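1. Provided below are the primary sequence and the corresponding predicted coordinates.
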Amino acid sequence: QVQLAESGGGLVQAAGSLRLSCAASGGTFSSYNMGWFRQPPGKDREFVAGISRYGGSTDYAESVKGRFTISRDNAKNTMSLQMNSLKPEDTAVYYCVAKRSSYSQWIKYSWANYDYWGQGTQVTVSS
């Protein structure tokens, strides 16, 4: 059983930056593709970014490309999301997800197909 714990959310002004972290415990971290989803208020949950088991491939939603950077440290069992040039529309609860994989490349899944989910961390961007 893997536990995921997000941290780093908060309130920031537009154009500012935040760094989210996801700490994993209870499993072999490098066995999992990792990702971030978010759910804006009143909207559906959406994919934000993903990273393969050893960090060799990444994927981003079009809305965050060039502004967000996903990374992982398998030695520390952590994943991060550096968010720059934040916009009010980035306001959401951000969730860390994990999917066990036998492949080295990133594979995108829908929310329900991940194996583990964090509790979420709130990010609020004021205009």
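-> Arrived safely, thanks for sending.
2. please count neighbours and contacts with C-alpha atoms only from this point.
-> Fine.
3. hey, what's the residue nearest the centre of the chain bridged with?
-> The centroid of the chain falls nearest to W36 when counting by Cα atoms, centre = their mean (2.3 Å). Per DSSP bridges, the residues bridged to W36 are A49, C96.
4. need the pLDDT of it.
-> If you check W36, the pLDDT there is 98.
5. contacting residues for it?
-> Contacts for W36 were tallied using Cα atoms under 8 Å, 6 or more residues apart in numbering; they are F47, V48, A49, G50, L81, Y94, Y95, C96, V97.
6. at 6 Å instead, please
-> Applying Cα atoms under 6 Å, 6 or more residues apart in numbering to W36 gives the contacts V48, A49, Y95, C96.
7. against V12, how distant is the last one?
-> Pointing back at C96 there. Distance, C96 to V12, using Cα to Cα, to the nearest Å: 20 Å.
8. so which of these two has more stuff around it?
-> With neighbours defined as other Cα atoms under 10 Å, C96 and V12 compare such that C96 has more, 29 against 18.
9. enumerate every residue touching the more buried one.
-> C96 neighbours (Cα under 6 Å, 6+ apart): G35, W36, W117, G118.
10. great, nothing more from me.
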